[in-house]
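Novice: just need the structure, nothing else, for what follows:
(chains A and B)
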Protein chains: 2
Amino acid sequence: MNDQPAASGTPASGGVRIAVDAMGGDHGPAEIVPGALDHAGAHPEDQVLLIGLEAAIRAAAGTLPPNATIVPASQVIEMHEHPALALREKRDASILVASDLVRRGEADALITAGHTGAAMAAAILRIGRLPGVDRPALAVQMIRTGAPFVLLDIGANPDSTAENLAQYARMGAIFAERVLGIPEPRVALLSIGEEKGKGDLRIQRATELLDASGLRFVGNVEGKDVTGDLADVVVTDAVTGNVVLKFFEGLSTFIFDLFRDEFRRSLRGRLAYLLLRPGIARIRDVFDYEKAGGSPLLGVRGAVIITHGRAKRRMIAFGLGVAAETARTGVPALIEEALREDAARLDAAGAGAEGRAEETTLDPEDTP
Amino acid sequence: MNDQPAASGTPASGGVRIAVDAMGGDHGPAEIVPGALDHAGAHPEDQVLLIGLEAAIRAAAGTLPPNATIVPASQVIEMHEHPALALREKRDASILVASDLVRRGEADALITAGHTGAAMAAAILRIGRLPGVDRPALAVQMIRTGAPFVLLDIGANPDSTAENLAQYARMGAIFAERVLGIPEPRVALLSIGEEKGKGDLRIQRATELLDASGLRFVGNVEGKDVTGDLADVVVTDAVTGNVVLKFFEGLSTFIFDLFRDEFRRSLRGRLAYLLLRPGIARIRDVFDYEKAGGSPLLGVRGAVIITHGRAKRRMIAFGLGVAAETARTGVPALIEEALREDAARLDAAGAGAEGRAEETTLDPEDTP
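Specialist: Numbers count the residues shown, from 1 in each chain, chains lettered A, B, ... in the order given. Model (predicted):
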């Protein structure tokens, strides 16, 4: 597994080469290609590689700018396919061709709006994990007033250990610092109760690891504080992370729909809407998740961004920006280095420090 | 552990006796007592037992109606105390005296707004678990348009097994059917992805158990569907459940605050507010979580409701209603019976059916 060149993980000076999976997602080349070319136009120092069915890309592109090229791939993995199976059967799938460009050091970053499971599998299997990474994690920039924060894992690894959570913290902190520009990001575990060590046994063990990590670990945040300003990196397992991310989507849509119904219900409502229009635009701006561009898959040998299947031109362009910044600032190499240091520190501290996690569950024998 | 009378678990004909922990919470007797007496006034068939410092209760109560009595308790567990320690040191704490009334069959239901950890501990240790219940679960009625749904566990048991989750489903379904009046409630697991079996190993194993349970199991719901109308009982572990519940609180407050700021920002905003006022009242009505009354602790030998520390008179009255209905419809006895049947069925099916949970995590060796 260690035969991949490290080229894609090292910081690039100036421009970077971005492999764009032009296929897949809800809109395919029609939105992905214009979005990618928007980035190419705004960043002439970057190279944009458009991967997929040549005719479809050419139709969506029109005349290509000098810093964009087409890399043909004859197959596409559809949303309903089983990831492992599809990757095995479709050897010329756009996501595999794109991953191989990164693997061979011919691209520094990758972005796809296609099948999330297939994209994670392709990146992990073809590009490979960084040395020391047990499980890559999918991170996401979450909206709140002011700067966004990073939540991870949101779905790469369904069964995380405490050690995985500690690695996510390290990887998320590097992304937050380098790509979002947050110096010394505050790291927290998502849990029940604010007190350090509250939560299940895994969280308690992760708390010990993070206390010893040298990261700026602030303890636990509760669900009610997620939209607050208590942490810049919020670490959790895939199930909770994914549920929170999608609940954000579901609940905010639910609330906005309630308001929309009221704005439409009567003349009073329509008048209120007209008066409030500038305010609604400001609120919409806070909830503009397209700006996040997509979710970085942290822990692989390259800057990999998996964007929303529903992403359109504007979000794709932001996604290329995040991909380029992740590669330009050398996030993968920094993760590799940080994990090497963590391992050395753990070795020095003696690998036998098991860490006793205290059971907070009620014990019926513990009769008052 | 089996020396408790089952009296409190059996359905009562007509009125029930509700033990009200009059102390604790943010407001103490000043809100709890009037709320309890509101219930007593509206339900002359019920008996309300007000437990706590007699002088404080009497001051808040004024003249007591014939169906309300004071049961003195000289101590109160404060919010910051360590539950197990406090229960051990304060033998005459109101929550312990209230629990003992249920234990001795002198009350059918219990409600408290005090220290949640101490309340759970008191109920589990003093009232005791129902036979066959491995871990009691704290459930909550979650808001959505139309009927609420039941989410559990939201914090009783930090390290749930798949077997625990299956029990939560059974207990939640009985509560939904009997107290919320939802016939044949739809049960779902909260997870990543809608397909049955998606999620971590625990969810996959719980899926097998629920498939065989005879419950109306509809598979997984994702975070985005929580506010939808896909399930009446949503089962998850304490960490995810607690995070979802509190995130609901945090995110809805965040969004409503954004609107409030816009309504206050300018003359246009204030005018829009005036016009939209009836609509805002309707939205507020949807988000009226006070109506839920409180969280039932399911799996103990009595109807135990733990309500919000911030609960005021109105929510307390609703809480007594939920407590009374839980006792009146015999939810504890029904849970006991259902779990006995489950155990018998499992025995009949052969206890050796281990259930193979498939690993969905990506295997790097599984190279395409």
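Novice: tally of neighbours for A:D257?
Specialist: 12 (other CB atoms under 10 Å in any protein chain shown). Yep, even glycine has a C-beta here, placed from its N, CA and C like the rest.
Novice: other SSEs contacting the helix or strand in which it is found?
Specialist: Assigned by DSSP states H and E, A:D257 belongs to helix A:238-265. Applying 3 or more CB pairs under 8 Å, 6 or more residues apart in numbering or on different chains; DSSP states H and E, one finds that helix A:238-265 contacts strand A:137-142, strand A:149-152, strand A:186-190, helix A:267-286, helix B:238-265, helix B:267-286.
Novice: among these, which is the most enclosed?
Specialist: Sort these by mean neighbour count, taking mean count of other CB atoms under 10 Å in any protein chain shown, and strand A:149-152 sits at the top with a mean of 29.
Novice: for it, the averaged confidence score.
Specialist: Throughout strand A:149-152, pLDDT has a mean value of 96.
Novice: which is the next helix or strand following it?
Specialist: helix A:162-178.
Novice: JSON lines for the helices and strands packed on helix A:238-265, including distance to A:D211?
Specialist: Below are these laid out as JSON lines (distance: least, CB to CB, whole Å):
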{"stretch": "strand A:137-142", "distance to A:D211": "20"}
{"stretch": "strand A:149-152", "distance to A:D211": "19"}
{"stretch": "strand A:186-190", "distance to A:D211": "11"}
{"stretch": "helix A:267-286", "distance to A:D211": "34"}
{"stretch": "helix B:238-265", "distance to A:D211": "19"}
{"stretch": "helix B:267-286", "distance to A:D211": "42"}
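Novice: now the helices for chain A?
Specialist: A:29-42, A:54-61, A:83-89, A:94-103, A:116-122, A:162-178, A:201-211, A:238-265, A:267-286, A:313-328, A:331-349 (DSSP state H).
Novice: okay if I get these as TSV plus mean pLDDT?
Specialist: Shown next, in TSV, are the helices of chain A (pLDDT from 0 to 100):
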stretch	mean pLDDT
helix A:29-42	98
helix A:54-61	96
helix A:83-89	92
helix A:94-103	97
helix A:116-122	94
helix A:162-178	96
helix A:201-211	92
helix A:238-265	93
helix A:267-286	95
helix A:313-328	97
helix A:331-349	89
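Novice: sorry, back to before: which one of the helices and strands packed on helix A:238-265 lies closest to A:G24?
Specialist: strand A:137-142 (16.6 Å; CB to CB).
Novice: between helix A:162-178 and that closest one, find me the angle.
Specialist: 50 degrees (axes from the mean of the first three to the mean of the last three CA atoms, to 10 degrees).
Novice: partners of strand A:137-142 in the sheet?
Specialist: Paired with strand A:137-142 in the same sheet, following DSSP bridges, are strand A:149-152 (antiparallel), strand A:295-298 (antiparallel).
Novice: the residue nearest to the spatial centre of chain A and chain B, how far apart?
Specialist: Nearest residue to the geometric centre of chain A (CA atoms, centre = their mean): A:S295, 2.4 Å. Using CB to the nearest CB, to the nearest Å, A:S295 is found at 14 Å from chain B.
Novice: which residues does that residue bridge with?
Specialist: Here A:S295, judged by DSSP bridges, has bridge partners A:I306.
Novice: so what pLDDT did it get?
Specialist: At A:S295, the pLDDT value in this model is 97.
Novice: show the contacting residues for it.
Specialist: A:L138, A:A139, A:V140, A:I154, A:I305, A:I306, A:T307 (CB atoms under 8 Å, 6 or more residues apart in numbering or on different chains).
Novice: among those, which one sits closest to B:R205?
Specialist: When the contacts of A:S295 are compared for distance to B:R205 (CB to CB), A:I154 wins out at 22.5 Å.
Novice: now do the contacts for the spatially closest residue to the closest one that is not a sequence neighbour.
Specialist: Closest residue to A:I154 apart from its sequence neighbours, by CB to CB, 6 or more residues apart in numbering or on different chains: A:G241 at 4.0 Å. Residues near A:G241 by CB under 8 Å, 6+ apart: A:V140, A:L151, A:L152, A:D153, A:I154, A:G155, A:L190.
Novice: swap in 7 Å and give it another go.
Specialist: By CB atoms under 7 Å, 6 or more residues apart in numbering or on different chains, A:G241 lies in contact with A:L151, A:L152, A:D153, A:I154, A:G155.
Novice: which residue does the stretch 51-200 of chain A have closest to chain B?
Specialist: Using CB to the nearest CB, A:L87 is the residue of the stretch 51-200 of chain A that sits closest to chain B, at 3.5 Å.
Novice: show me what from the stretch 201-350 of chain A comes close to chain B.
Specialist: For the stretch 201-350 of chain A, the residues in contact with chain B (CB under 7 Å from any CB of the partner chain) are A:201, A:222-227, A:238-240, A:242-252, A:254-255, A:258-259, A:262, A:265, A:268-269, A:271-272, A:275-276, A:279, A:282-283, A:286.
Novice: once you drop chain neighbours, what's closest to A:D288?
Specialist: Closest to A:D288 by CB to CB, 6+ apart is A:I143, at 7.7 Å.
Novice: quick check: nearest residue in space to A:G279, chain neighbours excluded?
Specialist: Once flanking residues are discounted, A:G279 sits nearest to B:E262: 3.0 Å by CB to CB, 6+ apart.
Novice: give me the angle between the helix holding A:D257 and helix A:267-286.
Specialist: Using the same axes, to 10 degrees: helix A:238-265 against helix A:267-286 is 150 degrees.
Novice: can you list the domains in chain A?
Specialist: A:15-133+A:299-346, A:138-291 (automatic domain parsing).
Novice: for the first one, measure first residue to last.
Specialist: This means domain A:15-133+A:299-346. End-to-end span of domain A:15-133+A:299-346 (CA to CA, to the nearest Å): 37 Å.
Novice: same check on stretch A:227-239?
Specialist: Termini of stretch A:227-239 sit 19 Å apart (CA to CA).
Novice: show the pLDDT at the residue nearest to A:D288.
Specialist: What the model reports as pLDDT for A:I143 is 87.
Novice: swap in A:G146?
Specialist: pLDDT, A:G146: 78.
Novice: chain neighbours aside, what residue packs nearest to it?
Specialist: Nearest residue to A:G146, sequence neighbours excluded (CB to CB, 6+ apart): A:D229, at 6.7 Å.
Novice: that neighbour and A:V221, how far apart?
Specialist: 10 Å (CB to CB, to the nearest Å).
Novice: the more surrounded of those two?
Specialist: A:V221 (24 against 12).
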